[in-house]
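A.B. asks: Give me coordinates for this.
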Amino acid sequence: MLSLRQLEVFLAVIETGSTTRAADAVALSQSAASNALSELESRLGQKLFDRVGKRLVLNASGRALQPRARALLVQARDAEALFTTGSSQLKVGASTTIGNYLLPRLLGASGHALPCERVEIANTDEIAERMLRFELDLGLIEGRALHPDLVMTPWRQDEMVIVAASGYENSRLEELPWIMRERGSGTRSVVEQELFEALGALQPVLELGSSEAIHNAVRAGVGVSCLSRHVVQQSLQSGELQVLAPELSIRRQLYLLRHRQRPDTDAVARFLECCPAQD
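C.D. replies: Next comes the predicted model:
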């Protein structure tokens, strides 16, 4: 029978490229790590690595085992956490607009004890990658994550509007200096899908890595952008920014992201009670 220790060594070898460094990572002797890997390969009847020089490189058999090994170790740690902490803890990944604006408001308004121990904020592609590596339990994303091991379910909706400081009111939108998020962000992909059909392929004069940075640049008069109302709400209320072409506002779906091989836990249920899905 396969052991969790064998799978742990296997994953450590993938990360480090050798049994020597893998042994250090999992607190074993080099001989114990080598034996664990050999026993695993013997049990499966397959070599999992090819030797390239002094480095072990994952082969096709190893790639087939890798996601299943990660899933088994994560489930074992989840089970252990139930008895060491009294309840399972939750690590949530949120894309930037959700993590910086929407989620803090929901947590603050919930009146419940916080349902997660950590929130990691990154763009949609990065959240999806971390979900696939089982580094996060749950994702909240603004774009789409199209991978067979990831399951997206509708969570909430958001409105995106074109905003600018004063001085841009009578200009053609396609001729304005556009500021946009980096490629890989949910905000960028939605803008490209929804606005390019109406305005053509916009060429940004500036790309920035967060909606807050874009918000500040627009307020400073650098250019215009399309941002979530959650980001620009106060600036619109104060009159510092204005909405251009309100008929081109975008309704976008926000998604809850789960890993197909990871069943919901009590911690996930508590989170969804605190931050429920909404039409």
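A.B. asks: any idea which helix or strand of this structure has the worst average confidence?
C.D. replies: helix 60-84 (a mean of 76; mean pLDDT, DSSP states H and E).
A.B. asks: what's it in contact with?
C.D. replies: For helix 60-84, the surrounding residues in contact (CB atoms under 8 Å, 6 or more residues apart in numbering) are 4, 7-8, 10-11, 14, 44, 46-49, 58, 87-89, 132-134, 149, 259, 261-262, 265. Every residue, glycine included, has its C-beta placed from N, CA and C.
A.B. asks: ok, and for that helix, which residues are buried?
C.D. replies: Within helix 60-84, the residues that count as buried by 16 or more other CB atoms under 10 Å are 61-62, 65-67, 69-75, 78.
A.B. asks: so which helix or strand takes in the nearest residue to Ser249 once chain neighbours are set aside?
C.D. replies: If the residues on either side of it in the chain are set aside, Ser249 comes closest to Val161, at 4.8 Å by CB to CB, 6 or more residues apart in numbering. Here Val161 sits within strand 150-164, counting by DSSP states H and E.
A.B. asks: ok so, going back, please tell me how far the residue nearest to Ser249 sits from Leu195.
C.D. replies: 11 Å (CB to CB, to the nearest Å).
A.B. asks: The chain - how does it break down into domains?
C.D. replies: Listed by automatic domain parsing, the domain ranges of the chain are 4-84, 91-156+254-274, 159-251.
A.B. asks: Out of those, which one sits most buried?
C.D. replies: Mean neighbours per residue, mean count of other CB atoms under 10 Å, is largest over the domains of the chain for domain 91-156+254-274, with a mean of 18.
A.B. asks: That one spans what distance, first to last residue?
C.D. replies: 15 Å (CA to CA, to the nearest Å).
A.B. asks: Quick one: mean pLDDT for it?
C.D. replies: The pLDDT scores in domain 91-156+254-274 average 87.
A.B. asks: got the contact list for the residue nearest to Asn123 when sequence neighbours are not counted?
C.D. replies: Computed as CB to CB, 6+ apart, the closest residue to Asn123 that is not its neighbour in sequence is Ser185, at 4.1 Å. Taking CB under 8 Å, 6+ apart as the criterion, Ser185 is in contact with 95-96, 123-125, 142-143.
A.B. asks: Keeping just the C-alphas, turn stretch 36-48 into CSV.
C.D. replies: Output of stretch 36-48 as CSV, limited to C-alpha atoms (Å, rounded to 0.1, in the frame of the first residue of the first chain):
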residue,chain,number,x,y,z
ALA,A,36,10.8,5.9,0.1
LEU,A,37,11.0,6.9,-3.6
SER,A,38,12.2,3.5,-4.6
GLU,A,39,9.5,1.8,-2.7
LEU,A,40,6.9,4.0,-4.3
GLU,A,41,8.1,3.3,-7.8
SER,A,42,8.4,-0.4,-7.0
ARG,A,43,4.8,-0.5,-5.7
LEU,A,44,3.5,1.3,-8.8
GLY,A,45,5.7,-0.7,-11.2
GLN,A,46,6.7,2.5,-12.9
LYS,A,47,9.7,4.9,-12.9
LEU,A,48,8.4,8.4,-12.0
